[in-house]
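Asks: give me a 3D structure for the following:
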Amino acid sequence: MKIKLKLLLFLFISCIVIQSSFAQEQQIGNENIVVLKRFVHRLHDPTLATDVILSQDLITSEKQEKDMQEYLLASIDEVRINIQSKDINKLEYLSFDQAGRKETSDIDLESIDPQQVYFIKYLKRFVFAVVIRDKKIASLTLVSKGNNKAHFVFY
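Replies: Below you'll find the predicted structure:
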């Protein structure tokens with residue numbers, strides 16, 4: 001009887017720990033969706049300068065080369081034009097897991113935590129993907145790596 005009681009107590013505590021861990025992951029996911037929605041709304045705002053978005057919403061290296069900064073600004077502008085042409089109320093914000101295996105199989109995550117990867121989808125089509133770290137966009141650019149794989153670029 002004591003063994004059964006100990007086993008039940010162990011299972012109960014294990015369930016609480018697992019549930020707490022899941023709730024914590026879900027909260028981080030929700031925070032990342034808020035960050036992503038804010039970023040999209042800022043991209044959609046034509047009165048907001050691209051360099052302001054860059055400085056306030058993206059993580060970049062302190063010693064970023066001029067060529068790399070120009071490339072990043074061009075990438076933001078390209079995504080921005082794409083977003084501004086859409087009804088942002090119809091955008092879907094998906095985590096890596098929600099996006100599905102078919103859509104994510106061609107991305108090489110390398111050492112990126114999949115819980116940091118999110119996708120914007122519009123009318124069943126993917127618009128762009130991001131990596132979110134520390135409540136900012138760490139990458140919004142996917143480039144071909146070879147072997148039919150893409151990877152994220154960090155600035």
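Asks: residues touching the strand ranked longest in the chain, excluding its own?
Replies: Assignment by DSSP state E gives strand 125-133 as the longest strand of the chain. Residues from elsewhere that reach strand 125-133, judged by C-beta atoms under 8 Å, 6 or more residues apart in numbering: 32, 35-36, 39, 59, 79, 82-83, 86, 91, 99, 103, 107, 112, 116-121, 137-140, 142, 152, 154. No exception for glycine: its C-beta is placed from N, CA and C like everyone else's.
Asks: for PyMOL, write the select line for the buried members of these.
Replies: Buried subset of the contacts of strand 125-133, written as a PyMOL selection, criterion 16 or more other C-beta atoms under 10 Å:
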select buried, resi 32+35+36+39+79+83+91+99+107+112+116+117+118+119+120+121+137+138+139+140+142+152
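Asks: of the contacts of strand 125-133, which belong to helices?
Replies: Using DSSP state H, the subset of those located in helices is N32, V35, L36, F39, V79, N82, I83, A99, E103.
Asks: looking at pLDDT only, which of those scores worst?
Replies: When the ones in helices among the contacts of strand 125-133 are compared by pLDDT, E103 scores lowest at 80.
Asks: any buried residues in stretch 147-155, and which?
Replies: Within stretch 147-155, the residues that qualify as buried by neighbour count (16+ other C-beta under 10 Å) are H151, F152, V153, Y155.
Asks: also stretch 43-57?
Replies: Here stretch 43-57 shows L43, H44, I53, L54, D57 as buried, counting by 16+ other C-beta under 10 Å.
Asks: quick one: the first one from S85, how far?
Replies: Same thing as L43. 11 Å (C-beta to C-beta, to the nearest Å).
Asks: rewinding a little: could I get the buried residues of stretch 43-57 in a markdown table, plus columns for secondary structure and distance to D67?
Replies: Formatted as a markdown table, the buried residues of stretch 43-57 follow (DSSP: H, G, I helix; E, B strand; the rest coil; distance: C-beta to C-beta, whole Å):
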| residue | secondary structure | distance to D67 |
| --- | --- | --- |
| L43 | helix | 23 |
| H44 | helix | 28 |
| I53 | helix | 19 |
| L54 | helix | 15 |
| D57 | helix | 21 |
